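> Here is a sequence together with a model predicted from it:
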Amino acid sequence: MTENNWDSIYGSDQRPPWDIGRPQPFLVRLAESGAFTGRLLDAGCGTGEHALLAAASGADVVGVDVSARAIAQAKEKAATRGLKVRFEVGDALNLAQLGAMFDVSIDSGLFHVFNDEDRAKYLASLATVMRPGGTCHLSCFSENQPGDFGPRRVTQAELRAAFSDGWTITEIVPAVFEVIPWPEFPGGQGQAWLATIVRT
């Protein structure tokens, strides 16, 4: 989707299902475990809940999203909460534009929006800004989510194949995305994978 597509989603009367107004619980648990330290990138940060969670945990955070409307909302939240985060409108397929290197990255629902070609571009982009030994915490819809509404489903095998060169996957565990209940998500949940991936 283009920048204008995402802006129209964030500017609509109905919030997108992933914009729940709080961090995903599995990322809260990661923050509580001390996983969010050093310089941290939130790629596809949306309205900033996870970037702000990381900043509150003591990380030096940059959040990037292609939607100017989402970034404007994220900046407003940061000001209201008194948290320092660098929020930038930018393309996750060209993260080098940020001019920074990172120890940790968060991907909450970005990887699964890309087609195969852009998926490869995204991983190459991410590799340019992650320090050796840096950790990516990636969550995506899994094949355990029924139906085909929303993002494409991702299997563990696809994750392992995508990160087979220059990365080491240390763990892939089931997770649950909390979402705003829509007809397609009547229980307000989506089945996901949470992968921990180290840049080699």
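Nice, I can see it.

> okay, CA-based contacts and neighbour counts for the rest of this
Fine.

> Okay, helices next: where are they in the chain?
3-10, 25-32, 49-56, 68-81, 116-129, 156-162 (DSSP state H).

> Of the ones you listed, which is nearest L98?
L98 sits nearest to helix 116-129 of all these, at 8.6 Å, using Cα to Cα.

> average model confidence for that closest one?
Regarding helix 116-129, the rounded mean pLDDT is 97.

> hmm, who's touching it?
92-96, 100-102, 111, 162-163, 166, 199 (Cα atoms under 8 Å, 6 or more residues apart in numbering).

> Format the helices of the chain as JSON lines; extra columns: distance to W193 and mean neighbour count.
Below are the helices of the chain laid out as JSON lines (distance: least, Cα to Cα, whole Å; neighbours: other Cα atoms under 10 Å):
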{"stretch": "helix 3-10", "distance to W193": "24", "mean neighbour count": "15"}
{"stretch": "helix 25-32", "distance to W193": "11", "mean neighbour count": "16"}
{"stretch": "helix 49-56", "distance to W193": "17", "mean neighbour count": "25"}
{"stretch": "helix 68-81", "distance to W193": "24", "mean neighbour count": "18"}
{"stretch": "helix 116-129", "distance to W193": "17", "mean neighbour count": "16"}
{"stretch": "helix 156-162", "distance to W193": "8", "mean neighbour count": "13"}
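
> W182: which of those is closest?
Comparing those against W182 with Cα to Cα, the closest turns out to be helix 3-10 (14.9 Å).

> how near is W182 to G188?
With distances taken as Cα to Cα, to the nearest Å, W182 is found 7 Å from G188.

> Who has more neighbours out of those two?
For W182 versus G188, the count of surrounding residues by other Cα atoms under 10 Å is larger for G188: 17 against 12.

> so how far is the helix or strand bottoming out on mean pLDDT in the chain off the chain centroid?
When the helices and strands of the chain are scored by mean pLDDT, DSSP states H and E, helix 3-10 comes last with a mean of 75. Between the centre of helix 3-10 and the centre of its chain there are 17 Å (Cα atoms, centre = their mean, to the nearest Å).

> got the contact list for that helix?
R15, P16, V66, S67, A68, R69, A70.

> The first one: neighbour count?
Going back to what we said before, that points to R15. For R15, the neighbour count with other Cα under 10 Å is 13.

> Report the contact partners of it.
I9.
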